[in-house]
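Asker: Build me a model from this:
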Amino acid sequence: SLEKSGSLVQVSDELLSDMAMNVPDLLAGACRKAAGQYQNKSLLNGTGAWEGLMTGGVGLTQYTFANAASITAADLTNLYYQIDADFRDSDNTVFVTRSPIAAAIAAIAGTAAGIHALDSLTQGPSEWLLGKRYLQDDNTGNGLGDAVTTGKTNVLFGDWSWVYLFERAGFSVSRSDDVYFAEGLVGFKYSYRMGSAASNTNAFVIGVQA
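Answerer: Numbering: from 1, shown residues only. Model (predicted):
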């Protein structure tokens, strides 16, 4: 099934009269960005037409880390082997966390000398973890934890080729010069229809603090 979503943007008559740029195209770009953020959050923790991976009803395999207040290299390697090799070997298999968790993982001591996720402080941290792409998603309400504390679900690892995104291609755009006429405003409505489904939950595992 698909969920209809979108936004209603009010633009002043003066802006439409004075702007040299194409205002509808400008607004469409902003709406597409907002739609992408909503899509990311809903793929992780959606409801209804979105079968979010982080929702309890999906029932992903759960791996509990050894400690409540830390993430160790052993936690990550053990989590890595919780899903079958066929899923791990896919190019679509990635790690996903929030940024504060990425900071904790980057600071894991590989030796007594210090951190292992970057060669020096003049370089950015690696975008890879155990040979897999490592992404951060900080959208509010996505179901991922933002602190290394007891019970937080902090890491999602799995093969995203087993998640289907259903989409009616493109945006629907309409304009109304009447609804806000008395306020001197013009309304632009952008809408789209999307949904998702996890076709094989065995392709994923979540990491939870003890």
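Asker: use CA for all of it now, contacts and neighbours both
Answerer: Noted.
Asker: Excluding chain neighbours, give the residue nearest to Thr140 in space.
Answerer: Distances taken as C-alpha to C-alpha, 6 or more residues apart in numbering put Lys41 closest to Thr140, at 7.6 Å, once the chain neighbours are dropped.
Asker: Name the secondary structure element that contains the one you found.
Answerer: Assigned by DSSP states H and E, Lys41 belongs to helix 23-45.
Asker: May I have the strands that pair with whichever helix or strand comes after that helix, each with its orientation?
Answerer: On the C-terminal side of helix 23-45, the closest following helix or strand by DSSP H and E is strand 61-64. Neighbouring strands of strand 61-64 in its sheet, by DSSP bridges, are strand 204-208 (parallel).
Asker: Not counting the partner strand itself, show me its contacts.
Answerer: If you take C-alpha atoms under 8 Å, 6 or more residues apart in numbering as the criterion, strand 204-208 is touched by 60-65, 79, 82-83, 151-159.
Asker: packing partners for the helix holding Lys41?
Answerer: strand 3-12, strand 185-198 (3 or more C-alpha pairs under 8 Å, 6 or more residues apart in numbering; DSSP states H and E).
Asker: Give me the mean pLDDT for that helix.
Answerer: Taken as a whole, helix 23-45 carries a mean pLDDT of 88.
Asker: now the angle from that helix to strand 185-198?
Answerer: Helix 23-45 runs at 30 degrees relative to strand 185-198, counting by axes from the mean of the first three to the mean of the last three C-alpha atoms, to 10 degrees.
Asker: if we can go back for a sec, what residues are up against the residue nearest to Thr140?
Answerer: Going by C-alpha under 8 Å, 6+ apart, Lys41 touches 139-142.
Asker: The same query, at a cut-off of 7 Å, please.
Answerer: Counting by C-alpha atoms under 7 Å, 6 or more residues apart in numbering, Lys41 touches 139, 141-142.
Asker: Now do it against Thr72, distance only.
Answerer: To Thr72, Lys41 is 27 Å away according to C-alpha to C-alpha, to the nearest Å.
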